Structures are given as C-alpha cells and as structure tokens.
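Asker: Fold the stuff below for me.
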Amino acid sequence: MYHPVISDVEGLEISAEERALFSELPPYGFILFQRNCENPEQIKALTAEMREIIGFDNAPILIDQEGGRVARLGQPNWPAYPSAGVYSKLYETNPTLASSAVQVQSKLMADELSKVGISVNCYPVADLLYSGADKVIGDRAYGDCPDKVSVLAQSAAQGTINGGIIPIMKHLPGHGRADVDSHKKLPVVKASLNDLRKTDFIPFSYLNYLPCAMTAHVVYTAIDPINCATVSKTIISDIIRDEIGFKGVLFSDDLSMKALSGTPEKNALDALSAGCDLAVHCNGDILERRAVLEATVDQLLGRENRLNYFFNQNVKAGDVDNNKLYHWLLETVKGYE
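Answerer: Residues are numbered from 1 along each chain as shown. Alright, predicted model coming up:
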C-alpha cells in the first residue's frame, strides 16, 4: 500500500538507506530539487530508479520549473526561460502574443521534463502580484489583475499539458497578499472574504478544471483565523472544493516550511485530515522521511479514485521543433525582461 506522501532524496543518486526506506514504506511519488539534477542522463536514471523501487510505473515525479528564478533545471544543460513577470508586461502591449508565448514556453519546459522521466510540474503560479507584499511571489506572478492572471496561467497550464506533463496550479486560495515568506514564517492575510472573492480566488476559479493544485501555507483570518489553508478543513472544504470548485488532486505545499510549527509527521497528518490528497515532505533527513511515511500508513484509503484517475494514465507530447520555438520565444520577449 502506497503512502499519500511525496518524498525526496538527498543527492544525485538514491542511497542504499533511502532505497531500503522507500522499499519498506513506499511514497506515492517524489519531488526533485536542483541538488538532484546534474544532466539529462543522470535524471533519467534517477527517475527510473525511483519508480522501480516503489513498483509504480506511473508514480508522479514532481519538480518546480517555472522559469525565471524558480528553475531546478538550468544552464548549461537546459535553456533559461523568462519569469511570469515578463509576460505580464508583454500582455499590456499584446495580450494574444503574450498568451501564445506563455504556452510555447510551457510546452518547451514540459518537453524537457518529459524526456528525463519527470511527469508533474508545480506550475503555473496563479497568485496575484501585490505591491508591498513579500517578494516570495513577486515576478513569479502573471500580474496584479485577476483576469490577466487567469488567461496567462491558463495558457501556461495548456502548454504544460500539450508537452505531456501534468500541471499543478498554486497556491490555493491565494498567496500573493502574504507579507512574509512562508518558507520562513507563517503569513497572515486579513483581507475580507468579499475582497478575496473579487481578487485572489478568481484565477483559481477560472482554472478549477485543472487536474492538480497546491495549497498555500497562509492564514486567512476572514475564513479560518487559526489554521493556514494547508491544514484547514474549513478552507479546503468550503473555499477550495466548494466555492472555487476545484475537484482534482490537492497537494500540500512543502510541510517542512517554517510557516508550519508542528513536526513533519504531524503536519502531514494534519494536511491529510484537512482534505489534502497528498502530503509533500521535502528537505528532511532520513529519520524525518521515515517518521512521515510511518505516520501516514492507511491514509491512502478514500483517496485512491481521484489519484488513480490522474496518475494511472500516460500523457504524450506532440512533435514540435523545439529549437525554433525557443528562438521565437526569445525574440518575442526581447525588451520586456
């Protein structure tokens, strides 16, 4: 029985200790970071070994490959891509061209991921840009206008799907207003529910048909003044599932982030109990990984149908001349960086 956990590994290869752990307590999938990515051949071998160890050919293997400052695959083996903020500027001049360019970039990145065995990209960011907020979102956002963000994030998701990769939109129900970085502290948003409905919720509602989404480690005092979205039954049930209308697979954000105060295993159980389908645990040592996996025994029950629907199928990319597309993309965004 798989555990509803997305885990990670320490280096470029799976250690003997990690292999033993994942054979005994198989997670549902894995996530890669820059420390795990050296070159295409190495990543392809790593992802194949991950799936072989847990005995799941379609196990989701995630990465954060947004372009701009969030890119686990980088030069010299992979090209650099513009941030979302570049397309926000282009949109003001030519919305149609901006949407096409975002879709092209997303397709190119997806093709690169697919070639090395990665199947899921934690992308696009559908959060809004807010002046005065912490820069953890910043130029990762497609702008401050909900309609613009909706259109460009949709183009990003479609390009990702066209490249044979499953997108995860993030961070529900909106991280843009956060005044601190949730990697370091717990953000508290005091906007009214009405204001959130008119702004932050709009892109996620527009994209509620997408297969996967990720929660925000953010407290919204108008909805749940105590718990951040990741561990709030009220936010997940009433807002993300009912009001926003998202019915796909819901991932937690990284449970080792400092916004959460509990142990990794408690955070995992709290996220799953609140309504997340998969608990994402990153950057822990082998003992933390074991604790999270042991704590989530039998927690997959009741989640199988939704998970199987999205991950037990093969998405294939179409054939495109990616070299020509990349050069077209660079010419298109010239002057908007």
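Asker: Residue 218 is in contact with residue 178, correct?
Answerer: Yes. Contact criterion CB atoms under 8 Å: residue 178 and residue 218 qualify, at 5.4 Å. From N, CA and C alone the C-beta is placed, and that goes for glycine too.
Asker: End to end on stretch 50-60, go ahead and measure it.
Answerer: End-to-end distance for stretch 50-60, by CA to CA, to the nearest Å: 10 Å.
Asker: ok, back up a step: between residue 178 and residue 218, which has more neighbouring residues?
Answerer: Taking neighbours as other CB atoms under 10 Å, residue 178 and residue 218 compare with residue 218 leading, 28 against 25.
Asker: Tell me where the stretch 201-337 of the chain has helices.
Answerer: Using DSSP state H, counting those that start in this stretch, the helices of the stretch 201-337 of the chain run over 201-206, 233-234, 264-274, 286-295, 304-311, 322-333.
Asker: er, the stretch 51-200 of the chain I mean
Answerer: Counting by DSSP H, counting those that start in this stretch, the helices of the stretch 51-200 of the chain are 84-93, 95-115, 146-162, 193-198.
Asker: Dump those helices to CSV, plus distance to residue 183.
Answerer: Converted to CSV, these look like this (distance: least, CB to CB, whole Å):
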stretch, distance to residue 183
helix 84-93, 19
helix 95-115, 23
helix 146-162, 22
helix 193-198, 22
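Asker: how about CSV for those, with distance to residue 333, mean neighbour count and mean pLDDT added?
Answerer: Compiled in CSV, the helices of the stretch 51-200 of the chain are given as follows (distance: least, CB to CB, whole Å; neighbours: other CB atoms under 10 Å; pLDDT from 0 to 100):
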stretch, distance to residue 333, mean neighbour count, mean pLDDT
helix 84-93, 5, 20, 97
helix 95-115, 6, 22, 96
helix 146-162, 13, 23, 96
helix 193-198, 30, 14, 98
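Asker: Quick check: which of those helices is nearest to residue 310?
Answerer: When those are compared by CB to CB, helix 146-162 sits nearest residue 310, at 11.7 Å.
Asker: Overlap in contacts, residue 178 and residue 218.
Answerer: Any residue near both residue 178 and residue 218 by CB atoms under 8 Å, 6 or more residues apart in numbering counts here, and that gives 187, 189.
Asker: So which of the helices of the stretch 51-200 of the chain is nearest residue 306?
Answerer: Among the helices of the stretch 51-200 of the chain, if distance is taken as CB to CB, the winner is helix 146-162, at 17.9 Å.
Asker: which helices and strands does the closest one pack with?
Answerer: helix 84-93, helix 95-115, strand 166-172, helix 201-206 (3 or more CB pairs under 8 Å, 6 or more residues apart in numbering; DSSP states H and E).
Asker: Which one, of the ones you listed, ends up nearest to residue 131?
Answerer: Among the helices and strands packed on helix 146-162, helix 84-93 sits nearest to residue 131 (CB to CB), with 13.2 Å.
Asker: What is that closest one packed up against?
Answerer: So helix 84-93, by 3+ CB pairs under 8 Å, 6+ apart, packs with helix 95-115, helix 146-162, helix 322-333.
Asker: so which of these comes closest to residue 36?
Answerer: Nearest of the helices and strands packed on helix 84-93 (CB to CB): helix 95-115, 13.1 Å.
Asker: from the middle of its chain, how far away would the closest one be?
Answerer: Remark: helix 95-115 is offset 16 Å from the chain centroid, using CA atoms, centre = their mean, to the nearest Å.
Asker: and that helix with helix 322-333, angle?
Answerer: Relative orientation of helix 95-115 and helix 322-333, computed by axes from the mean of the first three to the mean of the last three CA atoms, to 10 degrees: 150 degrees.
Asker: Export only the CA atoms of helix 95-115, formatted as PDB.
Answerer: Presented in PDB, the C-alpha positions along helix 95-115 are these (Å, rounded to 0.1, in the frame of the first residue of the first chain):
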ATOM      1  CA  PRO A  95      -2.400  40.100 -25.000                       C
ATOM      2  CA  THR A  96      -2.700  37.500 -27.700                       C
ATOM      3  CA  LEU A  97       1.100  37.300 -28.300                       C
ATOM      4  CA  ALA A  98       1.700  37.100 -24.600                       C
ATOM      5  CA  SER A  99      -0.700  34.200 -24.200                       C
ATOM      6  CA  SER A 100       0.900  32.400 -27.100                       C
ATOM      7  CA  ALA A 101       4.400  32.900 -25.800                       C
ATOM      8  CA  VAL A 102       3.500  31.600 -22.400                       C
ATOM      9  CA  GLN A 103       2.000  28.500 -23.900                       C
ATOM     10  CA  VAL A 104       5.100  28.000 -26.000                       C
ATOM     11  CA  GLN A 105       7.400  28.300 -23.000                       C
ATOM     12  CA  SER A 106       5.400  25.900 -21.000                       C
ATOM     13  CA  LYS A 107       5.400  23.400 -23.900                       C
ATOM     14  CA  LEU A 108       9.200  23.700 -24.200                       C
ATOM     15  CA  MET A 109       9.700  23.200 -20.500                       C
ATOM     16  CA  ALA A 110       7.300  20.300 -20.400                       C
ATOM     17  CA  ASP A 111       9.100  18.500 -23.300                       C
ATOM     18  CA  GLU A 112      12.400  18.800 -21.300                       C
ATOM     19  CA  LEU A 113      10.800  17.400 -18.200                       C
ATOM     20  CA  SER A 114       9.200  14.500 -20.100                       C
ATOM     21  CA  LYS A 115      12.500  13.400 -21.700                       C
END
